[in-house]
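> The following comprises the amino acid sequence and a computationally predicted model.
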Amino acid sequence: MPREKVNEEEAMRRMKELLKEGAVMLSETCPICGLPLFRLKNGDVVCPIHGKVYIVSSDEEAREVEISEIIKLVEYEAVKRLKDMLGEGMEPSEALVWLRIVEEVERIRSLREGRASSTSRQGTPQKSP
Ligand SMILES: [Zn+2]
C-alpha cells in the first residue's frame, strides 16, 4: 500500500482556508494521509489535501497510532505558527483561525481518546427522581 507523505505546509494552509470558509473539523481522518477531515457547509466531507473522501472505519491499532501522531503534529504546527505570528504582530482574524485549529485538534484528541477507552465512560450517573 503506497504511503503518501503529507506536505505539512500545504496541509496547514488548506486547513486554515477550510476553517475560514466555515468548514467543521471532524474526528474522522483521511484514509490516505490521516489528516483530520472537514465537513463543508454543503455537507461534503473533504481532506485538506485529497479533497472529497469517503470515510472508511478501520480500527487497526497501528493506524490509530499513526493518526494520533499526525494530529499531534498538526497541533504542534498550529501552536508554533500562532507563537511566531504573535511575535510579528499578527492580525486578530489570523490568530483566531489558528486558535480554532488548536481547539478543534484538542477536541478531536479527547474524542479519540474517549473512544479508545470507552468502557469506563459509558453513560453519566443519573439522579433518581
Ligand atoms: Zn488526505
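Yep, that arrived.

> contacts and neighbour counts: CA atoms only from here.
Noted.

> For the chain, which segments are assigned as strands?
In the chain, the strands defined using DSSP state E lie at 24-29, 36-39, 45-47, 51-52.

> what about the first one, distance to the chain center?
Its chain's C-alpha centre lies 6 Å from the corresponding centre of strand 24-29 when counted by CA atoms, centre = their mean, to the nearest Å.

> Please renumber the chain so that the first residue is 575 from this point on.
Happy to do that; since the first residue is 575 now, the last one works out to strand 598-603.

> what's the neighbour count on K594?
15 (other CA atoms under 10 Å).

> Quick check: it touching V671?
Yes. Taking contacts as CA atoms under 8 Å, K594 lies within contact range of V671: 6.9 Å.

> roughly how far apart are E649 and G617?
E649 sits 25 Å away from G617, going by CA to CA, to the nearest Å.

> between the two, which one's more packed in?
Each of E649 and G617 has its neighbours counted (other CA under 10 Å); E649 has more, 21 against 10.

> returning to that earlier point: so which of the strands of the chain gets nearest I644?
strand 610-613 (8.8 Å; CA to CA).
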